[in-house]
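Asker: predicted structure and sequence below. I'll ask about it afterward.
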Amino acid sequence: MQLFYNSEITANTQQFTFDKIESKHIVRVLRKKESDKIFITNGFGYLFTSEIINANAKKCLVKIINVEHKKKLWNYYLHIAIAPTKLNDRFEWFLEKATEIGIDEITPIICEHSERKVVKPERMKKIIHSAAKQSLKFHFPKLNNSVTFNQFIKSDFDGQLFIAHCEETDKKLLKSALKPSTKITILIGPEGDFSTKEIQQSLEHKFIPVSLGQSRLRTETAGIVAVHSVAFINE
């Protein structure tokens with residue numbers, strides 16, 4: 001199955017016209033023609049089976065012939081708040097792989113030691129959407145706007161709360177602290193780690209300090225280890 005994405009399609013949509021880029025891909029590259037099936041998701045759990053009624057390379061028109069609401073593939077809710085890396089490609093790698101494994105929400109957080117203070121959400125959304133389509137996900141992760149650590153830590157939280165940092169303090173292994181089938185929020189810091197002040201703030205807001213193993217990990221690797229640990233515990 002090749003999956004297409006458009007957030008505007010709803011369960012009540014009867015016909016849909018792809019934009020010029022998608023239309024050209026469907027007609028010129030995939031060589032689809034009238035009566036061929038096209039599968040679309042809106043990223044909110046729906047799979048729309050459509051049929052081409054006008055194979056126009058500029059305006060490919062389809063009619064929706066079947067609507068299914070798909071159950072999410074994992075039974076937990078995972079929110080990763082992670083500092084953007086200095087190099088964009090490393091952060092994009094995290095977004096791609098986390099989406100493939102299974103994640104519900106991502107918040108870029110700007111910390112005291114962050115080397116990157118500005119992120120481009122449109123580029124990040126494209127990476128997420130591409131990874132979700134490739135891995136046949138019908139529930140796309142929510143990407144929040146970047147916020148400072150101070151702003152994020154004052155949010156209302158529920159479920160299990162963890163902060164993965166490198167300071168030599170009493171920490172649990174994440175995999176031993178996780179509970180299955182629950183809501184989880186994990187903080188992942190920048191290459192220079194969270195500051196002592198940020199760690200203290202997280203403790204005051206009931207975050208539990210955890211270790212991701214004996215190795216010191218890059219930010220994007222730590223993020224993936226956290227995502228995979230949650231997925232593994234819930235298998």
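Answerer: Perfect, I can see it now. Residues are numbered from 1 along each chain as shown.
Asker: only C-alpha atoms for contact and neighbour calcs from this point on.
Answerer: OK.
Asker: where's the residue of the chain positioned farthest from its centre relative to S23, distance?
Answerer: Most distant from the centre of the chain: E34, at 34.2 Å, with distances by CA atoms, centre = their mean. Separation of E34 from S23 (CA to CA, to the nearest Å): 13 Å.
Asker: give the residues shared as contacts by those two.
Answerer: Contact criterion CA atoms under 8 Å, 6 or more residues apart in numbering; residues shared by E34 and S23: A55.
Asker: if we can go back for a sec, and the residue farthest from the centre of the chain, what element?
Answerer: Assigned by DSSP states H and E, E34 belongs to no helix or strand.
Asker: contacting residues for it?
Answerer: With CA under 8 Å, 6+ apart, E34 has these contacts: 51-55.
Asker: can you pull out the strands in this structure?
Answerer: Secondary structure of the chain (DSSP state E): strands at 3-5, 15-17, 37-41, 46-54, 61-69, 77-82, 105-110, 142-143, 147-148, 160-164, 172-173, 183-188, 208-211.
Asker: let's have the ones you listed in a markdown table, adding mean neighbour count and mean pLDDT.
Answerer: Putting the strands of the chain into a markdown table (neighbours: other CA atoms under 10 Å; pLDDT from 0 to 100) gives the following:
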| stretch | mean neighbour count | mean pLDDT |
| --- | --- | --- |
| strand 3-5 | 20 | 94 |
| strand 15-17 | 16 | 95 |
| strand 37-41 | 20 | 97 |
| strand 46-54 | 20 | 97 |
| strand 61-69 | 17 | 97 |
| strand 77-82 | 22 | 98 |
| strand 105-110 | 23 | 98 |
| strand 142-143 | 17 | 97 |
| strand 147-148 | 16 | 97 |
| strand 160-164 | 22 | 98 |
| strand 172-173 | 16 | 92 |
| strand 183-188 | 22 | 98 |
| strand 208-211 | 23 | 96 |
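Asker: buried residues in stretch 188-202, which are they?
Answerer: Across stretch 188-202, burial judged by 16 or more other CA atoms under 10 Å covers 188-191, 193-195, 198-199, 201-202.
Asker: what of stretch 218-225?
Answerer: Neighbour-count burial for stretch 218-225 flags 218-225 (criterion: 16+ other CA under 10 Å).
Asker: neighbouring contacts of it?
Answerer: 80, 82-83, 85, 90-91, 93-94, 97-98, 188-191, 212.
Asker: list the contacts of the residue nearest to the spatial centre of the chain.
Answerer: The residue lying closest to the centre of the chain (CA atoms, centre = their mean) is P141, at 3.8 Å. Counting by CA under 8 Å, 6+ apart, P141 touches 99, 103-106, 128.
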